[in-house]
Every structure is written in C-alpha cells, then in structure tokens.
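> dropping the sequence and predicted coords here.
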Amino acid sequence: MKYPRDTDALGYLALYEAKSGEPEKAQEPISQALALAPKDVNVQSMAAEVYAVTGDQQKALDCLKSAVQGGYPRFELEHNPELDGLRNDPRYREIMAAANKAR
C-alpha cells in the first residue's frame with residue numbers, strides 16, 4: 001500500500017476485500033486502521049461495516065458502540081445498508097437507544 005498510515009484508505013481497502021468475498025484479507029487493513037486511530041469515529045464506523053459484512057457481529061457491534069459514543073452521526077449508521085444484518089440484534093437496538101438518550 002502506498003500510504004500505510006492512511007486510515008481512510010485502509011478502511012476502504014478492508015471494506016472492498018470484505019465485499020469481494022475475501023474476509024480474511026479484510027482483517028489486516030482494518031486492524032491496522034484501528035491500531036493507528038483507535039478513537040477515530042470514522043475508523044470505528046468503517047470497522048463496524050467491515051465486521052458486519054464479514055459476519056463478525058460482536059466486533060461489529062463493539063465498533064458501532066464506540067462510533068456512536070464518540071459522536072458519529074446516528075442517522076448515517078441507521079441508513080447504512082452494510083449494517084442491515086445488525087439491526088435485529090437487541091444489542092444494536094440498545095446502542096441506538098442509548099445514543100437517543102445521550103442527545
């Protein structure tokens with residue numbers, strides 16, 4: 001990768017790999033992005049997408065919670081189709097309900 005410290009590029013690469021049916025290839029770039037910017041809500045939301053697409057629901061929900069608690073726009077998360085698989089999970093509803101109360 002030309003810019004190995006670019007968390008946006010790493011996140012998009014991970015999402016591309018996840019959507020291309022190569023979930024194992026998505027792990028390295030998203031882990032690297034999270035290591036570089038663990039509190040960045042954009043990285044957390046991208047990680048939630050990657051983990052949701054690869055089927056790691058627990059990690060997806062953990063990252064979603066971090067993104068929401070960090071102030072990532074709830075509206076964007078609620079309308080993100082990559083997160084559709086999480087919406088029926090009670091933990092997803094708890095995270096979003098807590099975000100509503102925090103406003």
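That came through, no problem. Numbers count the residues shown, from 1 in each chain.
> what about stretch 71-89, average pLDDT?
Averaging pLDDT along stretch 71-89 yields 94.
> buried residues in that stretch?
72, 74, 77, 82-83, 86 (16 or more other Cβ atoms under 10 Å). All C-beta spots, glycine's among them, are computed from the backbone N, C-alpha and C.
> just stretch 90-100 next, same as before
Of the residues in stretch 90-100, those scored as buried under the neighbour-count criterion (16+ other Cβ under 10 Å) are 92, 95-96, 99.
> which ones among these lie within helices?
Cross-referencing the buried residues of stretch 90-100 against helices under DSSP state H gives 92, 95-96, 99.
> quick one: the buried residues of stretch 71-89 as a markdown table, columns for secondary structure and distance to Pro4 too.
Output for these, formatted as a markdown table (DSSP: H, G, I helix; E, B strand; the rest coil; distance: Cβ to Cβ, whole Å):
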| residue | secondary structure | distance to Pro4 |
| --- | --- | --- |
| Tyr72 | coil | 24 |
| Arg74 | helix | 31 |
| Leu77 | helix | 27 |
| Glu82 | helix | 24 |
| Leu83 | helix | 27 |
| Leu86 | helix | 29 |
